[in-house]
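**Q** What follows is a predicted structure for the sequence shown.
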Amino acid sequence: MIPARYASTRFPAKLMQMLGNKTVIRHTYDNTLKTGLFQQVIVVTDSQVIFDEIKNHGGEVMMSLKTHESGSDRIAEAVENLDTDIVVNVQGDEPFVQKNSLEKLLAVFKNDVQGQVQVASLMQIMMDKKNIADPNFVKVAVDLQMNALFFSRSMIPYPRDQSLSIPYYEHIGVYAFRKQALMHFTNLPISPLEQAEKIECLRYLEHGIPLKMVLTDYMGIEIDTPDDLNKALKFLNK
């Protein structure tokens, strides 16, 4: 499922911006479909413009019936009556989504024979100090079992001891859920830290639901700002 909201505080209509010869949302849809990993790939949107963009190019798309605060809430409405076990949420602004990364994410559930993992998500190593300090990049700190401890737009952990080599991880907006965990999520109230940081996965942590993180290679550029779009165009043309 690809949640696709037209409005954006930092970059209005970002999903309909041209990236090469296609819009951002079409790159995301086409690259997700091309992996061949899924029975269905569906864009879920609140926008007639995005609906028409996907529909007119032969894609599968649904219109949200309600107003939603997060992408997970949006896809929960869409999958409520679908017969499925695992639901993957690929954010609409991830035009460079890759098969290898999605396979790693799905493997968490295939290898979880006892059914303990309810939610998993991707992260990548951050090297650029400017990006580490940039609130547009969501950071995640993990425990020794690769479960998320906290997500923040701030620098976490804070490098008080400058002599240590500390890994910084960027959270990538790709999740996988067991369907029942996703439906449970949408019935939980928006949590205080989620509201403060505007990071939806904090709702899981604040309600005591573990979130398994999966380290992946570079996933390209998430489109959050006009500057990101320029970087993505250069990345595309490499």
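**A** Done, it's in. Numbers count the residues shown, from 1 in each chain.
**Q** Does I50 touch R26 like I think?
**A** No: I50 lies out of contact with R26 (C-beta atoms under 8 Å); the separation is 9.7 Å. Every residue, glycine included, has its C-beta placed from N, CA and C.
**Q** now for the helix or strand bottoming out on mean pLDDT in the chain, which elements pack on it?
**A** Sorting the helices and strands of the chain by mean pLDDT, DSSP states H and E puts helix 71-79 at the bottom, at a mean of 87. In terms of contacts (3 or more C-beta pairs under 8 Å, 6 or more residues apart in numbering; DSSP states H and E), helix 71-79 is packed against strand 2-4, strand 43-45, strand 86-90, strand 168-178, helix 179-187.
**Q** Quickly run through the sheet partners of the longest one, with directions.
**A** Using DSSP bridges, the strands paired with strand 168-178 are strand 86-90 (antiparallel), strand 119-126 (antiparallel), strand 139-142 (antiparallel).
**Q** what about M62, is that helix, strand or coil?
**A** The three-state label given to M62 by DSSP: H, G, I helix; E, B strand; the rest coil is strand.
**Q** can you list the weak-confidence ranges in the chain?
**A** Along the chain, segments meeting pLDDT under 70 span 9, 219.
**Q** quick one, what contacts the residue nearest the centre of the chain?
**A** Central residue of the chain (C-alpha atoms, centre = their mean): G173, 1.8 Å from the mean position. Contact analysis of G173 by C-beta atoms under 8 Å, 6 or more residues apart in numbering lists G71, N89, V90, Q91, D93, E94, E222.
**Q** Out of the residues you listed, give me the two with the largest separation.
**A** N89 and E222 (13.6 Å; C-beta to C-beta).
**Q** between those two, which one's more packed in?
**A** Taking neighbours as other C-beta atoms under 10 Å, N89 and E222 compare with N89 leading, 24 against 21.
**Q** quick one: that one from L144, how far?
**A** According to C-beta to C-beta, to the nearest Å, N89 and L144 sit 26 Å apart.
**Q** Please apply the same query to V79.
**A** 33 Å.
**Q** Looking at the two now, which is surrounded by more residues?
**A** V79 (20 against 5).
**Q** neighbours of L82, just the number please.
**A** 12.
**Q** Same question for K198.
**A** 13.
**Q** contacting residues around it?
**A** Counting by C-beta under 8 Å, 6+ apart, K198 touches R153.
**Q** Swap in 10 Å and give it another go.
**A** K198 is in contact with T9, E69, S70, P135, V138, R153, counting by C-beta atoms under 10 Å, 6 or more residues apart in numbering.
**Q** just S72 next, same as before
**A** S72 makes contact with 1, 3, 87, 89, 119, 175, 177, 181-182, 185-186, 200-201, 203-204, according to C-beta under 10 Å, 6+ apart.
**Q** so which strand or helix has the residue of the chain positioned farthest from its centre?
**A** Distance from the centre of the chain peaks at S163, with 32.8 Å (C-alpha atoms, centre = their mean). Following DSSP states H and E, one finds S163 outside all helices and strands.
**Q** And the nearest residue to A78 once chain neighbours are set aside, how close does it get to R10?
**A** Leaving aside its chain neighbours, A78 sits nearest to V44 (4.5 Å; criterion: C-beta to C-beta, 6 or more residues apart in numbering). Distance of V44 to R10, given as C-beta to C-beta: 21 Å.
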